[in-house]
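K.L.:
Pasting a predicted model and its sequence here:
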Amino acid sequence: MQKVEIKLTQWSEGSGCGCKIAPAVLDQILGSSQTIQKPDQNLLVGNDKKDDAAVYLISENQAVINTVDFFTPIVDDPYDFGRIAAANALSDIYAMGGKPLFANAILSWPVEKLAPELAAKVLEGAKAICGQAGVIIAGGHSIAAKDPIFGLSVTGSIDPVNLKTNNGAKAGDLIYITKPIGIGVLATALKREKINVDDYQKLIQYTCVLNSIGEKIGPVSFVHAMTDVTGFGLVGHLIEMCEGSGLSAKIVLKDIPLIDGVQAYIDQFIFPDNTYRNWNAFSAKTEGVNGMELVILCDPQTSGGLMLAVDPSEKEVFEKWMVDEGSQSFLIGAFMEKGESVVKLS
C-alpha cells in the first residue's frame, strides 16, 4: 500500500498568524466583554494597550511578562511547525524588551486522524527553538479537537526601566523593521502547492529566526517604542503604534524590504485571503496606497520581525550597533505629528 503523505496545512483555512480573528471583529469582542475590574497599579501593561504581552510589577526592579500565542499549521512538516510556533510566541517577550524564562505548551490535536507521533515532532521542534533561547518548556495543556493547533504561553522578566511598549514613539522618530515582509505570501504559495524549493527554505529560515535582539534593545534608551509584526501586517501594527502614541506615520513603499522571490507570487495573485481582511480594517486610516501595494502592507506575518521607533539623532549609532549585534534593520519611514491619516504612503 502506498503511504499517504500528511500535509498539515490542509487541515485549516488559514495558516500561522493569518488565522487571527479579523481586527474589527476582535475589537467588537473585546469591547463587548469589558467588565469592571478593580484597578491594579502593579499591572503595567494590560489588554487595553493592544500590546504584545501583559506586564506585572513584582518588585521595584523586576516585572513579569506573560504572553500566549498559538495557531494552525503554517507548514506541512510537524517539526518545523513546532519551531515556527515557538519562535513566534517567544517574540512577544522580546518585543517588550524582556528575557523569556520558561514556557507552557498549548496543543490541540485530532488524535483519531493524525498520528500522535506527529504531535510529538511538533513538540520536539518547539523544544529545539526554546533551547536556542535558553527556555525550558515546563508543562502545558492539550485537547483532542478537529484542528491541529500549537503554541506556547511564555513567561519572561524585565527591569521596568527597560520596558519597551508599542505606545512610546515620538514625533520625528525613525521607523525600522528587522525582517523583510512576505511570510504570508510564501505560506500561501506552499498551501497552494506553488512554492519552489528555494523559497520554501526562505520561509523556514525567516520564521525560525528568533527576535532575541529585542532583549538587548530593552536597555537602549533611544529606542522609544517596539512591537513585532505579525497577523495584522506591517500597516496594522504600525497603526497600533501610531494610535497608542497619538501620532501619524509616513512610510516609503520602495524602502519596505520584501523576501527575495515574493513579488513573483504577488504578481500571480498568490497571497492570503486575510490580506484583504486586514486591508478592510485599516484602509480608512491609510493614505496613498495604489492597487496591489496593499499586499505588501497587509500581508499577515508569522514570526515576523520587530518594528522600532528610534530617535533620529541616534540613526548612525543605532544602525552600526545593529550590525555589530548581527541583526538586520531596515529604515522604512518616520513618525510625525498626528494628521488626518494615521499612515501615509509615499
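P.N.:
Perfect, thanks for sending it.

K.L.:
got the end-to-end distance for stretch 207-227?
P.N.:
Start-to-end span of stretch 207-227 (C-alpha to C-alpha, to the nearest Å) is 16 Å.

K.L.:
Sorry, slip of the keys, the one I care about is stretch 250-264.
P.N.:
End-to-end distance for stretch 250-264, by C-alpha to C-alpha: 26 Å.

K.L.:
Not counting that stretch itself, show me its contacts.
P.N.:
Stretch 250-264 has contacts (C-beta atoms under 8 Å, 6 or more residues apart in numbering) with 175, 177, 180-183, 185-186, 196, 198-199, 202, 206, 234, 238, 293, 296-297, 330-334, 336, 343-346. Bear in mind the C-beta positions are built from the backbone N, C-alpha and C, glycine included.

K.L.:
Quick check: PyMOL command selecting the buried ones in those.
P.N.:
Buried residues among the contacts of stretch 250-264 (16 or more other C-beta atoms under 10 Å), as a PyMOL selection:
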select buried, resi 175+177+180+181+182+183+185+186+199+202+206+234+238+296+297+331+332+333+334+343+344+345
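
K.L.:
Now, the contacts of stretch 250-264 that are in strands?
P.N.:
With DSSP state E as the criterion, strands contain Ile175, Ile177, Phe330, Leu331, Ile332, Gly333, Ala334, Met336, Val343, Lys344, Leu345 from among the contacts of stretch 250-264.

K.L.:
how close does the fourth one sit to Glu325?
P.N.:
I take that to be Leu331. Distance, Leu331 to Glu325, by C-beta to C-beta, to the nearest Å: 16 Å.

K.L.:
Repeat that for the last one.
P.N.:
Leu345 sits 30 Å away from Glu325, taking C-beta to C-beta as the criterion.

K.L.:
Dump the ones in strands among the contacts of stretch 250-264 to a markdown table, plus pLDDT.
P.N.:
Below are the ones in strands among the contacts of stretch 250-264 laid out as a markdown table (pLDDT from 0 to 100):
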| residue | pLDDT |
| --- | --- |
| Ile175 | 98 |
| Ile177 | 98 |
| Phe330 | 98 |
| Leu331 | 98 |
| Ile332 | 98 |
| Gly333 | 98 |
| Ala334 | 98 |
| Met336 | 97 |
| Val343 | 97 |
| Lys344 | 96 |
| Leu345 | 95 |
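
K.L.:
Closest one to Ala89 out of those residues, please.
P.N.:
Nearest to Ala89 among the ones in strands among the contacts of stretch 250-264, counting by C-beta to C-beta, is Ile177 at 19.5 Å.
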